[in-house]
Structures are given as C-alpha cells and as structure tokens.
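Chemist: Could you look at this predicted model? Sequence included:
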Amino acid sequence: MPQLPAEYRDPPPFSVSAAGHELTFYPAGEDRLARLLALLDSAERSIRMCFYIFAGDEAGRAVIAALLAARKRGVEVSLIIDSFGSNGAPDALFAPLRAAGCRYCCFSPKWGVRYLIRNHQKLVVIDERVALTGGFNVERDYFRPPRDNGWHDLAVELTGPVVASLVRWYDLVEKWTRSSKGQWKAIRRLVRAWNPGNGPVKLLLGGPTRGLSPWARAVSDDLIEGRRLDMIMAYFSPAVRLLARIGRIAKKGETRLVLAAKSDNGATIGASRLLYGKLLKRGARIWEFSPCKLHTKLIVLDDAVYLGSANFDMRSLYINLELVLRIEDRALAERMREFVGQHLPASQEITRPLHRRRTVGCAGSARSSLNACIEFDTPTA
C-alpha cells in the first residue's frame with residue numbers, strides 16, 4: 001500500500017471566468033464558512049437560502065445570527081430547510097427568525113407521498129446578484145479541516161446571468177414548500193417544465209420524474225459521446241446504463257474517478273466498491289480519497305463541468321430535488337481537472353490486484369451494501 005502524505009491541506013480559494021460568469025471556488029471548510037457569513041453580512045435587499053441539513057451547533061447558530069442581523073437591517077430573508085435532513089435541529093433554533101419576520105419553512109413537513117422527496121439542494125442567493133452553491137450543508141463538520149475529519153467539499157460563488165434562473169427556481173420551490181396542499185405531482189410538473197436554456201451555462205434540476213431526472217439525462221447524453229471524464233464523487237452507485245457509458249469512455253479515452261474511502265455511511269462505500277471491477281477492467285483509473293470524509297460532487301466531462309448538490313447515486317439520479325450547474329467552457333474544464341489532480345497524491349489508487357484482494361470473500365457483503373444504498377430512506381448528505 002502506498003504511503004500517503006501525513007497531512008492533507010485543502011487548496012486555497014481560486015477564481016475562473018467562464019461563459020460570461022465569474023466563479024470563485026472554496027475547497028476549504030473554514031473558507032466556505034467565512035465566505036458564507038461575509039455574503040450574509042453584505043446583503044442589502046434579500047437573502048434566499050436553502051439547505052438539506054441545518055444543524056443547531058455553533059455553525060448553525062452563527063448563520064442564524066447573521067440572518068437576524070440582516071433582517072434588522074431591513075433585508076428580506078427566506079430560509080428553506082429539509083425536515084428529514086435537518087431533523088436534529090431544534091425548533092427553538094428557528095423561532096427567532098419567525099419572530100423577526102423572516103420567511104422560514106420546512107420542505108416536506110408531513111407524512112405521505114411527498115415525504116419521500118428530499119430537498120437536497122444547497123443554495124444561497126444575495127440581493128439577486130450573487131449565489132453560493134455546492135455540496136456543503138450548515139453543520140460544523142462541513143467547515144472543519146481534514147485533520148479533524150471534516151467533510152471535504154466544494155462551494156462555488158458565482159455572478160452572471162444564471163443567478164436570475166436560480167432566483168426564479170428558488171421562488172417556485174418556496175411557493176410549493178409553503179403550500180399545505182403541495183403534492184408530489186405538482187413538484188414533478190415543476191421539474192419537468194423547467195427550461196434550462198440553450199447556452200453554455202445551464203441550471204439543471206433533479207427531481208421525482210419518470211426515469212432519469214433532467215440533470216441525470218443531461219450527463220447521460222454527454223457520456224454517450226464523451227472521451228474524457230474526471231469525477232470527484234461522495235456517493236457513487238449509478239444505474240447500469242450510466243456505468244456502461246463510463247466504461248466506454250474509459251475504454252476509448254480517459255477516465256479518472258476520485259471516490260470516498262471515508263464516509264458517514266459505510267454502505268455507500270461498499271456499494272461503490274462493488275462497481276470497481278467492471279470499470280477497472282475497461283481501463284478506468286480509480287482512487288479513494290483518504291484524509292477525511294468526502295462530500296464533493298464534481299464532474300468534468302470533455303469541456304463540460306457539472307457542479308452542485310447531486311451525488312452520482314440512485315437517490316440523486318431519480319428522486320431528490322437537486323440543483324446542478326452545467327458550464328461548458330474549455331478553460332474552466334482544464335482548471336477543474338487540475339483541481340481533481342490535486343487530490344491524487346492524498347488518495348490511494350485502486351488497482352485490479354488490490355480490488356481482487358479486497359473482494360475475496362466479501363461479495364455478499366458488498367451486494368448487501370448496494371441494496372441498502374438504493375433504499376429510499378438511506379440518508380446521504
């Protein structure tokens with residue numbers, strides 16, 4: 001087994017101009033939290049915020065304090081949390097927001113068919129001009145460094161035309177969430193009717209549609225013709241069709257996958273490892289990121305970059321409400337491939353001999369893990 005660096009350090013923030021948008025990436029948890037709080041402090045007119053997990057720890061309390069300070073300045077504040085993802089957050093945490101006149105609501109607050117849907121999106125929009133999105137939640141571990149086994153994640157701040165689309169989508173989700181009559185069919189219609197546009201920057205959505213969700217269809221179509229694929233993915237257990245398309249790229253081009261060696265859900269790692277054999281046989285190169293828990297969701301496919309909240313697993317591909325930006329820009333794609341490459345020295349490459357040694361006597365356990373992962377109520381953050 002190769003010796004990995006004694007201590008991995010997250011890269012500093014970096015910025016890229018792409019397709020008429022300005023993007024700044026925050027790989028380090030401390031930088032993500034500092035930027036989130038700074039953006040909230042900068043708000044003059046409006047804050048729209050949506051998170052899957054919002055905890056009542058020091059990180060959550062700091063964000064609540066910033067929202068209350070903004071409301072005191074006269075800023076309109078809206079917050080949506082997912083009741084399943086945030087079920088550990090006490091009601092008292094959000095009571096001051098309601099008392100101050102903020103718009104606060106829980107996605108899927110009642111049992112029934114609509115409770116099956118998770119609002120897995122992560123989004124902050126300030127004054128309808130700047131947005132922050134990615135895979136991170138509002139909880140202490142998402143801002144801790146690798147040495148403390150924090151979640152390794154990625155946030156992107158962006159300005160440009162797509163921010164207006166993010167505002168429009170947020171307002172539709174908020175309206176559905178606040179309605180006591182919001183139904184499964186209604187949210188499906190919203191997702192199906194969404195127009196991502198035809199330009200190089202598209203806002204793609206995931207949701208409970210028939211077959212693959214819109215964002216998953218887009219990446220599936222790109223995989224058909226793709227020749228080069230780089231991916232960092234927290235939870236990786238795609239449908240057979242998508243796995244076959246990744247294998248074809250690996251066979252004819254180049255495929256690098258950085259997946260999790262540590263997680264909060266061991267079943268998800270087992271499900272991913274069950275798929276390694278076919279991919280390795282076709283020439284894919286696979287690494288497992290070892291310094292801490294992996295939560296990043298990043299796909300670079302030829303000149304297209306996919307960023308947002310969606311994992312490459314059954315829930316994100318078929319069920320969850322997800323928010324994914326597809327940005328087609330060669331320079332951005334090359335910069336994000338460089339970012340992927342920065343993870344390799346801190347990761348263990350999974351060779352075919354290593355994979356065979358691991359799987360001897362473990363096939364049944366791996367299959368059980370896969371079955372656990374595709375159950376609708378298996379939480380993945």
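Modeler: Here it is on my side, so go on.
Chemist: Quote the end-to-end distance of stretch 123-138.
Modeler: With CA to CA, to the nearest Å as the measure, stretch 123-138 spans 11 Å from end to end.
Chemist: What residues sit buried inside that stretch?
Modeler: Neighbour-count burial for stretch 123-138 flags 123-127, 130-138 (criterion: 16 or more other CB atoms under 10 Å). Heads up, the C-betas are built off the backbone N, CA and C, glycines and all.
Chemist: mean confidence for that stretch?
Modeler: For stretch 123-138, mean pLDDT is 98.
Chemist: low pLDDT regions in the stretch 151-300 of the chain?
Modeler: 180, 182 (pLDDT under 70).
Chemist: And the helices in it?
Modeler: Assigned by DSSP state H, counting those that start in this stretch, the helices in the stretch 151-300 of the chain fall at 162-178, 184-193, 214-225, 240-252, 266-273, 276-281.
Chemist: possible to save those as JSON lines with mean neighbour count and distance to Glu22?
Modeler: JSON lines is the format used below for the helices of the stretch 151-300 of the chain (neighbours: other CB atoms under 10 Å; distance: least, CB to CB, whole Å):
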{"stretch": "helix 162-178", "mean neighbour count": "18", "distance to Glu22": "11"}
{"stretch": "helix 184-193", "mean neighbour count": "15", "distance to Glu22": "28"}
{"stretch": "helix 214-225", "mean neighbour count": "18", "distance to Glu22": "23"}
{"stretch": "helix 240-252", "mean neighbour count": "17", "distance to Glu22": "30"}
{"stretch": "helix 266-273", "mean neighbour count": "22", "distance to Glu22": "34"}
{"stretch": "helix 276-281", "mean neighbour count": "17", "distance to Glu22": "35"}
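Chemist: do you know which of those lies nearest Phe289?
Modeler: Among the helices of the stretch 151-300 of the chain, helix 266-273 comes nearest to Phe289, with 11.2 Å by CB to CB.
Chemist: Can you show me the strands along the stretch 51-200 of the chain?
Modeler: 76-82, 103-107, 123-126, 130-134, 155-159 (DSSP state E, counting those that start in this stretch).
Chemist: I believe Val324 is in a strand; please confirm or correct that.
Modeler: Yes: counting by DSSP: H, G, I helix; E, B strand; the rest coil, Val324 is part of a strand.
Chemist: Ser213 is in contact with that one, correct?
Modeler: No: here Val324 lies out of contact with Ser213, judged by CB atoms under 8 Å, at a distance of 9.3 Å.
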